[in-house]
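S.K.: structural data only, the sequence is not supplied:
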Ligand SMILES: Nc1ncnc2c1ncn2[C@@H]1O[C@H](COP(=O)(O)OP(=O)(O)OP(=O)(O)O)[C@@H](O)[C@H]1O
């Protein structure tokens, strides 16, 4: 906690500065500059926390539309931070992000993004408040049908299973007509069967809508579903390609970080 000489606690002021930076940073994204088949372009992105310790070091990559691109690496290598930057939840010190928006985000624990008492109200909350009510209801209904969750429309969100919550969170994103989807360890809390179902379901959506996607995962088997794998280590990309191409780097990294993955 820090105080100025007049005794005013400065933390809120610092926080306000951060918020302003987030807004400016998002405004800098220029998806209109992207080639028609590209959904995301990241150039030389760097971030250090206030301690000065770098968390991302000059990251550059692009993701084409319709690609399932997974990011993998040891604990603390910067995966979630990268996703938060892409969603504008935090900001970079330098570099550039051009991302097609709206950007949909599904968290590891979807409970944190559910705010409404029933499934239908939750999905409706993703629709544009200014749109006519009939249109909003139709959008929410279609998203629930698309995610196979229509039969749960009146169910309390609190009573859903982990896999059902993931689908509802995805449906709430779908009504926003996302152009890019971020999935942060979405299968982590699911049993093996639900894990496969969620993965197939979410990949199906990315392919059907032909939008870009970036997935953080800790599960090696899931990488087999990826079109492309980016390997992060200590905030830098150390391999980028098909699973076959990155396998040697991944094995070596795994051997060095087995207890911390
Ligand atoms: N707000 C923050 N302030 C300071 N340090 C942070 C903050 N958020 C994360 N960190 C640190 O930044 C590093 C990267 O964190 P991040 O959550 O991106 O890693 P990760 O690769 O997603 O890890 P995991 O696989 O364990 O989820 C970690 O050392 C973490 O402790």
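M.R.: Looks like it came in fine. For clarity, every value in this text was computed on a predicted model and none was experimentally measured.
S.K.: phi first, then psi, for the residue nearest in space to the middle of the chain.
M.R.: Closest to where the C-alpha atoms of the chain average out (C-alpha atoms, centre = their mean) is residue 182, at 2.5 Å. Main-chain torsions, residue 182, degrees, to the nearest 10: phi -110, psi 130.
S.K.: beta-bridge partners for it, please?
M.R.: Beta-bridge pairing for residue 182 (DSSP bridges): residue 105, residue 214.
S.K.: all numbers from here: first residue = 8
M.R.: Noted, 8 is the first residue going forward, which turns the last one into residue 189.
S.K.: who's in contact with it?
M.R.: By C-beta atoms under 8 Å, 6 or more residues apart in numbering, residue 189 lies in contact with 90, 93, 94, 110, 111, 112, 113, 220, 221, 222. Yep, even glycine has a C-beta here, placed from its N, CA and C like the rest.
S.K.: just the strands in this protein please.
M.R.: 45-55, 61-71, 75-79, 101-106, 110-113, 187-191, 219-223, 235-240, 243-248 (DSSP state E).
S.K.: ranking the ones you listed by burial, who's on top?
M.R.: Among the strands of the chain, the stretch with the highest mean neighbour count (mean count of other C-beta atoms under 10 Å) is strand 219-223, at a mean of 26.
S.K.: other SSEs contacting that strand?
M.R.: Applying 3 or more C-beta pairs under 8 Å, 6 or more residues apart in numbering; DSSP states H and E, one finds that strand 219-223 makes contact with strand 45-55, strand 61-71, strand 75-79, helix 86-94, strand 187-191, helix 199-216.
S.K.: quick one: it to chain centroid distance?
M.R.: The chain centre lies 7 Å from the centre of strand 219-223; the measure is C-alpha atoms, centre = their mean, to the nearest Å.
S.K.: contact partners of it?
M.R.: By C-beta under 8 Å, 6+ apart, strand 219-223 touches 45-47, 70-79, 86-87, 89-90, 93, 106-107, 186-193, 209, 213, 229, 233.
S.K.: spell out which parts of the stretch 8-157 of the chain neighbour the ligand.
M.R.: Within the stretch 8-157 of the chain, the positions adjacent to the ligand are 56, 62, 80, 82, 83, 84, 85, 86, 87, 88 by C-beta under 6 Å from any ligand atom.
S.K.: separation between the fourth one and residue 137?
M.R.: Between residue 82 and residue 137 the distance is 43 Å, computed by C-beta to C-beta, to the nearest Å.
S.K.: how about the residues of the stretch 8-157 of the chain next to the ligand in JSON lines, adding pLDDT?
M.R.: JSON lines is the format used below for those (pLDDT from 0 to 100):
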{"residue": "56", "pLDDT": "84"}
{"residue": "62", "pLDDT": "94"}
{"residue": "80", "pLDDT": "94"}
{"residue": "82", "pLDDT": "91"}
{"residue": "83", "pLDDT": "91"}
{"residue": "84", "pLDDT": "94"}
{"residue": "85", "pLDDT": "94"}
{"residue": "86", "pLDDT": "94"}
{"residue": "87", "pLDDT": "92"}
{"residue": "88", "pLDDT": "93"}
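S.K.: cheers, nothing more for now.
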